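Novice: Okay, here's the prediction I keep looking at, along with the sequence it came from:
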Amino acid sequence: MEVSSFSTVPRYCNSRSSVPESSRFRGFKVHLLDQSLVPLHLSIRKRKTTPRFLISCSQKKDVTVVDGSCMDEIYDKLAERLVPTAAAMFSPNLKRLVGLAGPPGAGKSTLANEVVRRVNKLWPQKASSFDAEVKPPDVAIVLPMDGFHLYRSQLDAMEDPKEAHARRGAPWTFDPALLLNCLKKLKNEGSVYVPSFDHGVGDPVEDDIFVSLQHKVVIVEGNYILLEEGSWKDISDMFDEKWFIDVNLDTAMQRVENRHISTGKPPDVAKWRVDYNDRPNAELIIKSKTNADLLIRSINI
């Protein structure tokens with residue numbers, strides 16, 4: 001059976017699931033309640049025997065699923081999805097903010113950079129005002145969450161520094177408030193300097209990435225940006241589109257283990273690191289998949 005590259009799956013929410021359901025009515029759930037629980041002004045009176053009802057919406061939201069025969073095909077589809085939206089934005093302050101989440105090893109950085117490269121390549125086809133001899137400016141950029149790691153000195157100052165360093169990469173080893181402030185400034189002013197992360201040093205680099213007025217598409221990629229807790233919830237609410245890379249957990253963890261080994265960690269240390277830190281983090285991240293508008297099927301090719 002051929003699977004459509006862009007398809008939708010339904011998602012439901014019901015804030016009154018604990019109340020016994022009696023019937024359904026045009027997309028709404030209708031619950032019978034004890035009469036003493038309903039204020040008089042909410043009563044529905046047709047006859048003296050008419051029961052009182054509470055109607056709560058059971059909302060249905062479609063989630064777009066993107067897949068293909070290979071990842072290059074998926075990168076192309078995602079870029080083609082973004083370009084028309086970016087081309088329609090004439091105000092210099094307007095940005096299309098895309099939040100891209102997924103567990104470690106999902107390929108977030110690769111996907112973000114490949115999509116951005118393709119958007120920038122496609123852009124001149126939509127912006128016909130550019131002279132053929134003039135290279136148009138880039139309109140898409142990646143804003144990685146890695147730059148918002150806490151500094152090693154901040155981990156050293158924690159109650160249990162050893163545990164803090166061992167769990168580096170967990171949500172509490174980042175500075176979500178700083179990321180939120182950067183996104184707010186970007187939305188309000190149209191440009192912002194954000195930190196990058198120096199993996200050689202192991203610390204952020206202040207003001208190393210500049211998102212300018214010319215950028216129309218900003219892909220913010222990171223593990224926790226779709227979480228619904230604390231400042232992470234406020235970050236999630238900033239995005240115009242929420243993407244999640246759907247990947248097999250064991251496949252992702254094997255990639256992470258291989259990555260640890262490639263950076264010089266002995267195999268046993270790499271495996272311990274995955275089991276102690278990366279897998280628990282990934283299990284938390286996968287729960288945020290339900291907040292995505294678009295699921296991207298990871299293909300291991």
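Specialist: On my side now, so go ahead. Numbers count the residues shown, from 1 in each chain.

Novice: pull the CA atoms of stretch 267-276 into PDB?
Specialist: The C-alpha trace of stretch 267-276 is given here as PDB (Å, rounded to 0.1, in the frame of the first residue of the first chain):
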ATOM      1  CA  PRO A 267      32.600   1.800  24.600                       C
ATOM      2  CA  ASP A 268      31.600   0.900  28.200                       C
ATOM      3  CA  VAL A 269      31.600   4.600  29.200                       C
ATOM      4  CA  ALA A 270      29.500   5.400  26.100                       C
ATOM      5  CA  LYS A 271      27.000   2.800  26.900                       C
ATOM      6  CA  TRP A 272      26.800   3.900  30.600                       C
ATOM      7  CA  ARG A 273      26.200   7.500  29.400                       C
ATOM      8  CA  VAL A 274      23.400   6.400  27.200                       C
ATOM      9  CA  ASP A 275      21.700   4.300  29.900                       C
ATOM     10  CA  TYR A 276      22.200   6.800  32.700                       C
END
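
Novice: what residues does that stretch touch?
Specialist: Residues outside stretch 267-276 that contact it (Cβ atoms under 8 Å, 6 or more residues apart in numbering): 166-167, 253, 256-258, 260-261, 265. Glycine gets a C-beta too; all of them are placed from N, C-alpha and C.

Novice: Repeat the analysis, applying 7 Å as the threshold.
Specialist: For stretch 267-276, the external contacting residues (Cβ atoms under 7 Å, 6 or more residues apart in numbering) are 166, 253, 256-257, 260-261, 265.

Novice: Check for me that residue 243 belongs to a helix.
Specialist: No - going by DSSP: H, G, I helix; E, B strand; the rest coil, the assignment for residue 243 is strand, not a helix.

Novice: What is the nearest of the contacts of stretch 267-276 to residue 172?
Specialist: Nearest to residue 172, judged by Cβ to Cβ, of the contacts of stretch 267-276 is residue 166 at 12.6 Å.

Novice: For the closest one, grab the count of nearby residues.
Specialist: Neighbour count of residue 166, defined by other Cβ atoms under 10 Å: 15.

Novice: what does the one 3 residues further on give?
Specialist: As a burial measure, residue 169 scores 18 neighbours (other Cβ under 10 Å).

Novice: residue boundaries of the strands in the stretch 101-250 of the chain?
Specialist: Here the stretch 101-250 of the chain has its strands, by DSSP state E, counting those that start in this stretch, at 140-144, 192-198, 203-211, 217-221, 241-246.
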